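Colleague: can't give you the sequence, but here's the structure:
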């Protein structure tokens, strides 16, 4: 079976209270037939009783069900359901068994469904979306508005977001030859016995063939992965004939990773990658591949206009194409993590991205009592089977980590933004620490909107970030910062 299968077609949808619709035998024959991505706010009637911020459209409860057959030949495989994003408060069941919840509307999340499916028979997945308003300072939409995939893997396989690719000396090899490549592959063993594995990597132009490879690697020694555990397998090798990724020549490569057991490939995992390096400092500004450039960007929300919030491939790519035509080379995604579709389009067309985790942290904004502040510092329930959760982990850490791991190999992303006008304090430091733990190499940003109320010397404007982003200042304050020899961080103006 194909490792990742699109799961967007043939869903049933019901708007409102459907009772115990999670049951495996529930009759959904009269429900509306829909395909994903789907936004159930955009089809509602406009109402003056709703908020202007949300385009006078409501939220409410929506139910989704999909019937599917898992063929007999999938016995012995691992099955995982991957959601790109659900707005918001999603609860997921398979065959009537609850897997867990995910409150935040903008980060991807996954569940292992291996033990709940029946082979050769009809199965049903149910998703309840509980969008309580007010929840947003912009049009959010409602429902499973991003794509869903079913991943089918061997018991021994590359983990979710399981490759991390780095090229630490690229700036010394701008000709694209003898480039050091480091790949860390997380291999998971879900089988009943210990496994002995090797890892093979092949790097070739995206949409090309392995015959065009600029690098290959295969482990010389097998690595032991205990049953029920995972193991990071490191690979160090060189690539030659590489063409750099930039905003004018966005050259992309496929890193094909194979897990081998007894000489046979048991899993194949592909990662999009672009070879590029950048720097940002106070004296020289921003450079990409050693070339100085101005960040000519926009802050952009996720909606698709009259289409609503659906993360449609073509409409998203069209946005990027139009921005390129008007001279844009960067996007700050406001104020939430981007869809896969937007990141892919930016990788493809050469747009730099500042991916932003949250609008606010612990305090609701503009009276939006149901925004993500409600769950920010709440710990994930112990019986929640959502993948990536850990003991005592808060939803804030889960969602920030999901954003970073999803985008860790995307050449378009240059900064992680912790939040937007979110204030200072312990949460600011905690999130900065979580990002640095990822050892990602990208810059940390946090947009402060002091509106002249905080002096630019406020320590938290620079303590936990790599760029200074003090918004709405007086011209004299910007000039003073630029002339202050004690200030080392570049000034990044994004509003």
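Modeller: Structure received. Not measured: the values here are computed from a predicted model.
Colleague: count of residues packed around residue 307?
Modeller: 15 (other CB atoms under 10 Å). For glycine as for every other residue, the C-beta is placed from the backbone atoms N, C-alpha and C.
Colleague: quick one: pLDDT of it?
Modeller: Residue 307 is assigned a predicted lDDT (pLDDT) of 95.
Colleague: Find the residue closest to it in space, skipping its chain neighbours.
Modeller: residue 315 (5.8 Å; CB to CB, 6 or more residues apart in numbering).
Colleague: Over to residue 18?
Modeller: Closest to residue 18 by CB to CB, 6+ apart is residue 63, at 4.6 Å.
Colleague: Please apply the same query to residue 334.
Modeller: residue 299 (4.3 Å).
Colleague: What about the residue lying closest to residue 85 once chain neighbours are set aside, how many residues nearby?
Modeller: Once flanking residues are discounted, residue 85 sits nearest to residue 146: 3.7 Å by CB to CB, 6+ apart. By the measure other CB under 10 Å, the count of residues near residue 146 is 25.
Colleague: Residue 146 touches residue 313, doesn't it?
Modeller: No: Residue 146 is beyond contact range of residue 313, at 10.9 Å (criterion: CB atoms under 8 Å).
Colleague: Find the residues that touch each one of these two.
Modeller: Taking CB atoms under 8 Å, 6 or more residues apart in numbering as the contact rule, residue 146 and residue 313 both touch residue 341.
Colleague: hang on, the earlier thing: any idea which helix or strand comes after the helix or strand hosting the residue nearest to residue 307?
Modeller: Here residue 315, judged by DSSP states H and E, is contained in helix 313-325. Next along the chain after helix 313-325, taking DSSP H and E as the criterion, comes strand 330-333.
Colleague: what sits up against that next one?
Modeller: 295-300, 302, 320, 323, 342, 346, 351-356, 414, 417, 494.
Colleague: Just the ones of those in strands?
Modeller: 297, 298, 299, 300, 352, 353, 354, 355, 356, 414, 417 (DSSP state E).
Colleague: The second one and residue 328 touch, don't they?
Modeller: Yes: A contact is recorded between residue 298 and residue 328 when judged using CB under 8 Å, the distance being 5.8 Å.
Colleague: So these two - more neighbours on which side?
Modeller: residue 328 (18 against 14).
Colleague: List buried residues within the contacts of strand 330-333.
Modeller: Among the contacts of strand 330-333, those classed as buried by 16 or more other CB atoms under 10 Å are 295, 297, 300, 302, 320, 323, 342, 346, 351-356, 414, 417, 494.
Colleague: hang on, isn't the residue nearest to residue 307 packed against residue 304?
Modeller: Yes: using CB under 8 Å, residue 315 is in contact with residue 304, at 4.7 Å.
Colleague: So the two - more neighbours on which side?
Modeller: In terms of neighbours (other CB under 10 Å), residue 304 is the more surrounded of residue 315 and residue 304; the figures are 22 against 14.
Colleague: Thought residue 312 was touching the more buried one, still the case?
Modeller: Yes: counting by CB under 8 Å, residue 304 does reach residue 312; the two are 6.0 Å apart.
Colleague: The helix holding residue 315: which residues count as buried?
Modeller: 316, 317, 319, 320, 323, 324.
Colleague: Setting the sequence-adjacent residues aside, check what's closest to the last one.
Modeller: Same thing as residue 324. Nearest to residue 324 is residue 349, by CB to CB, 6+ apart, at 5.7 Å.
Colleague: OK, contacts around that neighbour?
Modeller: By CB under 8 Å, 6+ apart, the neighbours of residue 349 are 250, 317, 320, 321, 324.
Colleague: Need phi/psi at the closest residue to the first one other than its chain neighbours.
Modeller: Once its chain neighbours are removed from consideration, residue 250 has its nearest residue in residue 350; the separation is 3.6 Å (CB to CB, 6+ apart). Backbone torsions of residue 350, given as degrees, to the nearest 10, read phi 80, psi 60.
Colleague: I'd like the distance between residue 350 and residue 245.
Modeller: As defined by CB to CB, to the nearest Å, residue 350 lies at a distance of 7 Å from residue 245.
Colleague: List the buried residues of the lowest-mean-pLDDT helix or strand in the chain.
Modeller: None of the helices or strands of the chain scores lower by mean pLDDT, DSSP states H and E than helix 460-463, at a mean of 83. Going by neighbour count (16+ other CB under 10 Å), the buried part of helix 460-463 is 460, 461, 462.
Colleague: For those, give me CSV that also has distance to residue 487.
Modeller: Formatted as CSV, the buried residues of helix 460-463 follow (distance: CB to CB, whole Å):
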residue, distance to residue 487
460, 14
461, 10
462, 8
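Colleague: what bits of the stretch 1-150 of the chain have low per-residue confidence?
Modeller: By pLDDT under 70, the weakly predicted segments of the stretch 1-150 of the chain are 1.
Colleague: Just the strands from it, written as ranges.
Modeller: 4-6, 11-15, 32-34, 60-69, 78-83, 90-94, 97-102, 109-112, 122-131, 148-153 (DSSP state E, counting those that start in this stretch).
Colleague: circling back to that earlier point, just to check, the residue nearest to residue 250 is in contact with residue 324?
Modeller: Yes: with contact defined as CB under 8 Å, residue 350 reaches residue 324; the gap is 7.4 Å.
Colleague: pLDDT wise, what is residue 234 at?
Modeller: 97.
Colleague: Residue 378 touches residue 395, doesn't it?
Modeller: Yes: counting by CB under 8 Å, residue 395 is a contact partner of residue 378 at 5.8 Å.
Colleague: out of those two, which sits in the more crowded spot?
Modeller: residue 395 (21 against 11).
Colleague: Contacts only, for that one.
Modeller: With CB under 8 Å, 6+ apart, residue 395 has these contacts: 103, 104, 372, 375, 376, 377, 378, 379, 380.
Colleague: what about the first one, neighbour count?
Modeller: Here the number of neighbours of residue 103 (other CB under 10 Å) works out to 21.
Colleague: Likewise for the last one?
Modeller: Taking other CB under 10 Å as the criterion, the count of residues near residue 380 is 22.
Colleague: wait, isn't it in contact with residue 398?
Modeller: Yes: contact criterion CB under 8 Å: residue 380 and residue 398 qualify, at 6.2 Å.
Colleague: So for these two, which residues contact both of them?
Modeller: With CB under 8 Å, 6+ apart, residue 380 and residue 398 have common neighbours 386, 389.
Colleague: Could you pull up phi and psi at the residue nearest to residue 104 when sequence neighbours are not counted?
Modeller: Using CB to CB, 6+ apart and skipping the chain neighbours, the partner closest in space to residue 104 is residue 399 (4.9 Å). The phi/psi pair for residue 399 (degrees, to the nearest 10) reads phi -70, psi -40.
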